[in-house]
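Undergrad: below are the sequence and a predicted model; questions follow.
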Amino acid sequence: MLYNSIIPPLLIVVTLFCGGCATVDSGKEWGSRVSVFPGYTKTESAFSTAMKDPDTWAPLIGATIFRVLDMDRQVSQWAFNNTPVFGSPLSAIEASDLLQDTAGVGMIVTALMTPVSDDKMSAMTGRLKGFGVEALAVGITSDTTGIIKGISGRRRPDGSDNNSFPSAHSSRAFSYAALGSRNLESIKMGEGSRRALDYGFTAIAMGVAWARVEGRAHYPSDVLAGAALGNFLALFIHDTLLGREYDDLTLHVDPGQDGITVRFTMGM
């Protein structure tokens, strides 16, 4: 996979040679807020935010519904027989790998577009910290998925092994998408462009998940659970250790002729 063979050296290369792709005043650069000891308040806030994210609770509810209503086998068989999106099971498996790698590259590209300090050393440090947090998030997601696979021991639809639940492809793809989305929040761009790219990340991750179903590698509940797990862990780790660029809440009190106006703003 590209994640194992290309992304690690690519991270090193782009960190060393592209450290100054976008610059801002010191203190606002990407990676400057990394904290090894974030404290309870920040950790609790990150946990709550990750749990409330639609890409966490929606697929989790979906996975539960599929299991409770026993719809997994029926939908899996239908997807395998008809392959409405990718045309054949083999094409679906190949597409799942390609789309997963695309999401990973997208995460890296958006990270490179985030602002860094004018100072080369600070820029380098910020890049290393930021990439370190995101690599940690992806690594923990992969390891956690593997642990759950071993515990659940669910047989795949094609009967090849007992590593069906949850889907590792889905968990990684949604972790890439979540991190890419967080990176976009730090980049100065039009809201329409940011929203379109954000939706693009989600669409790619969803494509990975469905491709695994059409390829008969996973049941629907497998990929939905993987999506929820990947999104939750990526957001939780990112927001706990790296933070969000717009989390500076400022209170404004503006007196006027008709009374006092109270405003809250979040700065980028």
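TA: Good, I have the coordinates.

Undergrad: let me know the pLDDT of the residue nearest the centre of the chain.
TA: For the chain, A178 is the residue whose C-alpha lies nearest the centre (CA atoms, centre = their mean; 2.3 Å). pLDDT for A178: 98.

Undergrad: please identify which helix or strand holds it.
TA: Per DSSP states H and E, A178 falls inside helix 168-185.

Undergrad: and that helix, which residues are buried?
TA: The neighbour-count criterion (16 or more other CB atoms under 10 Å) identifies 168-184 as the buried residues of helix 168-185. Just so you know, the C-beta spots here come from the backbone N, C-alpha and C atoms, and that holds for glycine as well.

Undergrad: buried stuff in the helix or strand that comes right after it?
TA: Per DSSP H and E, the first helix or strand lying C-terminal to helix 168-185 is helix 191-214. Within helix 191-214, the residues scored as buried using 16+ other CB under 10 Å are 197-198, 200-202, 204-214.

Undergrad: now do the helices in this protein.
TA: Assigned by DSSP state H, the chain shows helices spanning 2-5, 7-17, 39-52, 54-68, 72-82, 89-112, 120-152, 168-185, 191-214, 220-237.

Undergrad: so which of the ones you listed gets nearest D161?
TA: helix 120-152 (9.4 Å; CB to CB).

Undergrad: tell me which residues in the closest one are buried?
TA: Result for helix 120-152 [16+ other CB under 10 Å]: buried residues 122-134, 137-138, 141-142, 144-145, 148-149.

Undergrad: what's the mean pLDDT across it?
TA: So the average pLDDT for helix 120-152 ends up being 93.

Undergrad: how much distance is there from it to the middle of the chain?
TA: Centre-to-centre, helix 120-152 and its host chain are 11 Å apart (CA atoms, centre = their mean, to the nearest Å).
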